[in-house]
Every structure is written in structure tokens, then in C-alpha cells.
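Chemist: Pasting the sequence and the predicted coordinates here, then a few questions.
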Amino acid sequence: MADKARDEHDPAIRPDDEARLSARLRRLGDRLDRERSSERRDPDGPSADRSGFARGMRLSTELVAGVIVGAAIGWALDRLLGTSPWGLSVGLLLGFAGGVASLVRTAGRQQ
């Protein structure tokens, strides 16, 4: 009975399933080590994925800010000069164009 208990824990006398699981675990560990080492070498790895949301928010904010600033300047010109819809319309268009130009410039710089 003592020999049977000792035989179950002896690494030389493992069942086939346990030996296959150990080999698979070793292979998975090796693959994991290779993946981790490639992530260290790749600066655009997972950190780039995490910052994608922040980058998208920044670009959309620049576009919206351009439109709002253009509309505000157009509205102010309308109030000062009395040219009711024209200042706001031109300001919106110029603000949109400025926002898109800023967006393109920032997106090109980030890549």
C-alpha cells in the first residue's frame, strides 16, 4: 500500500494524460514567453490599442471646437454688423473647414 502511494507521486511513473498535459503546458509557456518578448520590442503594441479611444476623442474634440469657434465668431459679427444669417453661416463653414484642417494635421502628426 505504501508502494502504491509512492508510485502515484513519482514523476517517472506518470500516466500518459498527465505527461501530455505537462508537455502542452511547457509549449504554452514557451509561446507566452515569445509573445511577451515581442510585445517589449514592439512600441505600438497594446499601449497603442489603449490610447485609441483617447486619440479618437482628441480628434473629434478638435473638429467640434473648430465649428463652435467659427459659429461664435460669425454670430458676433452678425450682432455687430447686423447681417443676420450671413455671418453665422459663413462662420460655421469656415469653422468646419478649420476644424477639418486641424484634424488632418493632427492625425498626420500622430502617425
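Modeler: Nice, I can see it.
Chemist: Would you map the helices across the protein?
Modeler: With DSSP state H as the criterion, the chain has helices at 2-9, 16-41, 46-50, 52-81, 84-110.
Chemist: Turn those into CSV, including mean pLDDT.
Modeler: Output for those, formatted as CSV (pLDDT from 0 to 100):
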stretch, mean pLDDT
helix 2-9, 54
helix 16-41, 85
helix 46-50, 57
helix 52-81, 92
helix 84-110, 90
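Chemist: Take the ones you listed and lay them out in JSON lines including mean neighbour count.
Modeler: Every C-beta, even on glycine, is put in place using the N, C-alpha and C of the backbone. Listed next are the helices of the chain as JSON lines, based on neighbours: other C-beta atoms under 10 Å:
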{"stretch": "helix 2-9", "mean neighbour count": "8"}
{"stretch": "helix 16-41", "mean neighbour count": "10"}
{"stretch": "helix 46-50", "mean neighbour count": "10"}
{"stretch": "helix 52-81", "mean neighbour count": "14"}
{"stretch": "helix 84-110", "mean neighbour count": "15"}
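Chemist: how close does G95 get to R58?
Modeler: Applying C-beta to C-beta, to the nearest Å, the value for G95 to R58 is 18 Å.
Chemist: now do L32
Modeler: As judged by C-beta to C-beta, L32 and R58 stand 34 Å apart.
Chemist: And G66, by the same measure?
Modeler: Distance from G66 to R58, by C-beta to C-beta: 13 Å.
Chemist: And A19, by the same measure?
Modeler: 54 Å.
Chemist: repeat for W86
Modeler: 32 Å.
Chemist: What of A76?
Modeler: Using C-beta to C-beta, we find A76 at a distance of 27 Å from R58.
Chemist: now do S84
Modeler: 35 Å.
Chemist: Check L80 too.
Modeler: On the measure of C-beta to C-beta, L80 and R58 end up 33 Å apart.
Chemist: what's L88 in contact with, if anything?
Modeler: L88 makes contact with 71, 74-75, 78, according to C-beta atoms under 8 Å, 6 or more residues apart in numbering.
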